[in-house]
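*Asks:* Quick check, what structure comes out for this input:
(2 chains)
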Amino acid sequence: MTILANSLVIFFIAIGTLFIVVTAIGLIRLPDLYTRAHAASKSATLGVMCVLIGVFFHFWLIEGHFNPRILLGVLFLFITGPVGGHIMTRSSYIAGVKPWKGTVRDELGPEIERMKKEQNIK
Amino acid sequence: MTIFIIAIIVVICLSMIGVIYRMIKGPAASDRVVALDSLGVSLISLIGLFSILVETSFFLEIILLLAILSFIGTVAFSKFIEKGDILKRDNSR
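*Replies:* Prediction:
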């Protein structure tokens, strides 16, 4: 039984570490802000969720006490990680950070122009 | 198990060095904020792994605190980059 619990913990922590390494590679290699923010928000959130679930299984199955604070942390990270990334990219688009020259669709630009025209800003 | 946890901690520290490279070099200020958010997230997983390594559960309350602090930092920096001031006084009436 201990071997089964250990293999479960090792599986979750290895998957999470793989996603955190993918986050670092994406932050170094990708060309502009928006793709980098995409890599950071989605992949880092999934990685830290898997690592925390592994830590939760370790404390539950091996040490023997159920620890709901880790589940609360997983829920909080699941909500706030993509929301933080979305707020960051939207504010940097409004502040005027240019996309990469290989970007083929830009649907936020005409929408922001229309909102400015409705609200009579400039 | 201990050797596996130490190896995982070394790998996460190497990926944090990569994130710190982007935080120093990043062309815009938004790059630095995105890298800072990702750094906080990898620090949270590092705290979980250290609490497995030293076999105590007293460190696990820091996880919620760091998650809340990282989210508030991201929202405050994005409001600062968007408008230049954090709280608008005109629209809040």
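
*Asks:* Helices of the chain, start to end?
*Replies:* All of this refers to chain A. Under the criterion DSSP state H, helices of chain A are mapped to A:2-29, A:33-38, A:44-58, A:68-95, A:108-119.

*Asks:* Let me rephrase: I mean chain B.
*Replies:* Going by DSSP H, chain B shows helices at B:2-25, B:29-53, B:61-83.

*Asks:* hmm, who's touching the shortest one?
*Replies:* Just to be clear, that refers to helix B:61-83. Here helix B:61-83 makes contact (CB atoms under 8 Å, 6 or more residues apart in numbering or on different chains) with A:52, A:69-70, A:72-73, A:76-77, A:80, A:83-84, A:87-88, A:90-92, A:94-95, B:29-30, B:33, B:36-37, B:40-41, B:43-44, B:47-48, B:86. Yep, even glycine has a C-beta here, placed from its N, CA and C like the rest.

*Asks:* Just the buried ones from those?
*Replies:* Neighbour-count burial (16 or more other CB atoms under 10 Å in any protein chain shown) applied to the contacts of helix B:61-83 gives A:52, A:70, A:73, A:77, A:80, A:84, A:87-88, A:91-92, A:95, B:30, B:33, B:36-37, B:40-41, B:43-44, B:47-48.

*Asks:* Name the residue closest to the centre of chain B, please.
*Replies:* Using CA atoms, centre = their mean, the residue of chain B that lies closest to the mean C-alpha position is residue B:40, 1.0 Å off.

*Asks:* can you tell me which residues contact it?
*Replies:* If you count contacts by CB under 8 Å, 6+ apart, then residue B:40 has B:66-67, B:69-70, B:73 around it.

*Asks:* separation between it and residue B:23?
*Replies:* According to CB to CB, to the nearest Å, residue B:40 stands 11 Å off from residue B:23.

*Asks:* where are the low-confidence patches of chain A?
*Replies:* Applying pLDDT under 70 to chain A picks out residues A:120-122.

*Asks:* Return the distance of stretch A:48-60 from the chain's centre.
*Replies:* Its chain's average C-alpha position is 17 Å from that of stretch A:48-60, according to CA atoms, centre = their mean, to the nearest Å.

*Asks:* what sits up against that stretch?
*Replies:* A:5, A:8-13, A:15-17, A:19-20, A:65-67, A:70-71, A:73-74, A:77-78, A:81, B:41-42, B:44-45, B:48-49, B:51-52, B:57, B:60, B:63.

*Asks:* And for stretch B:9-29?
*Replies:* For stretch B:9-29, the external contacting residues (CB under 8 Å, 6+ apart) are A:17, A:20-21, A:23-25, A:27-28, A:33, A:36, A:92, A:97, B:31-32, B:35-36, B:38-39, B:42-43, B:45-46, B:49-50, B:53, B:77, B:81.

*Asks:* quick one: buried residues of that stretch?
*Replies:* B:9, B:11-12, B:15-16, B:18-19, B:22-23, B:26, B:28.
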